[in-house]
Each structure stands twice: as C-alpha cells, then as structure tokens.
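Participant: Structure, please.
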Amino acid sequence: MKGNPKLTDLVRNVVEPMGYELVGCELVPQGKGGSIFRVYIDHEEGITLDDCSAVSHQLSGVLDVEDPIKGNYSLEISSPGLDRPLFTAEHFDRFAGYRVSVKMQVAVLGRKNFKGLLLSREGDDIQVEVDGEVYDLPINQIDQARLIPDF
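Facilitator: Coordinates of the predicted model:
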C-alpha cells in the first residue's frame, strides 16, 4: 500500500508511547493545494474524543517542529470506526474472514474495485473472494482497503 514510511514512523513514535495503537495514516489531497493528514488510532478500550484531542495536541507539536508535510494541511485524529481501514500486512492477517472493500491503483483482471471476503494473505498478496471467484491482489498496488461492517 502507498504511504510515507518516514512520516508513519514519526507518528508512531508519538502515538505508541501514549498507549495507543497506530492503525495507519493517510494524506488526502483537498482542493486549492491543501490536504488532510488523517491519523487512525486505536486502544483495547476504544477511543474517546479526549484520546483524539490528546494525540492531536502531542502530534501537532512534533509536526510543527519536524515539518514533514509540504504545503497546508489539517490534522485529523480518528478511531478506525466500523469500516476500519487496512494499511499493513498484519491488518490483512488479523482480519482474514471479514468482508472487505478494496480499491486498486491499477486494474487486476480488468477491474479496480473488489467487495468480498478477505480469505488470507500470502506473501505480498491478499486473496479476496468475490461472487465465488478468488482474486490475488498485490498489497503494494492497493489504493485503499476497508472492512465492510455487518449490520
């Protein structure tokens, strides 16, 4: 999956000592040259607004000093939610057996969007079953992957 490992490590070094899991982060372009820097955190007891505020305060200071993001951006701290984003190989291992939505950077067998059952991860690929057919999707070509909540 795409990302900036140095920026992710910088965020991890702030978030994890505070007792939170860094689920992942993404820089989402917005109009007029700005962007949103979204950081997803989790904790075994869940995430509250106070948790997000505390992480935002700590991380803002570090980002102001280190200045790793070019241009204007807004910092957003969030829980992963029910439609949790999947960023790492470990996430795909952990959520095997769950329904997922995967958007690819490039088409695989003529399609870029897959909604189905995450079967497994083998090496650098994940296996997703869609309508009875299994697709091997390279992790490094995934643009976005999320859980599909069951209601």
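
Participant: Pull out the buried residues from the longest strand along the chain.
Facilitator: Using DSSP state E, we find that the single longest strand of the chain is strand 111-122. Buried residues in strand 111-122, counted by 16 or more other C-beta atoms under 10 Å: Phe114, Gly116, Leu118, Leu119, Arg121. Just so you know, the C-beta spots here come from the backbone N, C-alpha and C atoms, and that holds for glycine as well.

Participant: need the helices for this protein, in chain order.
Facilitator: Ranges of helices within the chain are 5-15, 49-66, 89-94, based on DSSP state H.

Participant: Now the ones you listed in JSON lines, please, with extra columns for distance to Val102 and mean neighbour count.
Facilitator: Below are the helices of the chain laid out as JSON lines (distance: least, C-beta to C-beta, whole Å; neighbours: other C-beta atoms under 10 Å):
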{"stretch": "helix 5-15", "distance to Val102": "20", "mean neighbour count": "15"}
{"stretch": "helix 49-66", "distance to Val102": "27", "mean neighbour count": "14"}
{"stretch": "helix 89-94", "distance to Val102": "10", "mean neighbour count": "16"}
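
Participant: check contacts around Arg111.
Facilitator: Met104 (C-beta atoms under 8 Å, 6 or more residues apart in numbering).
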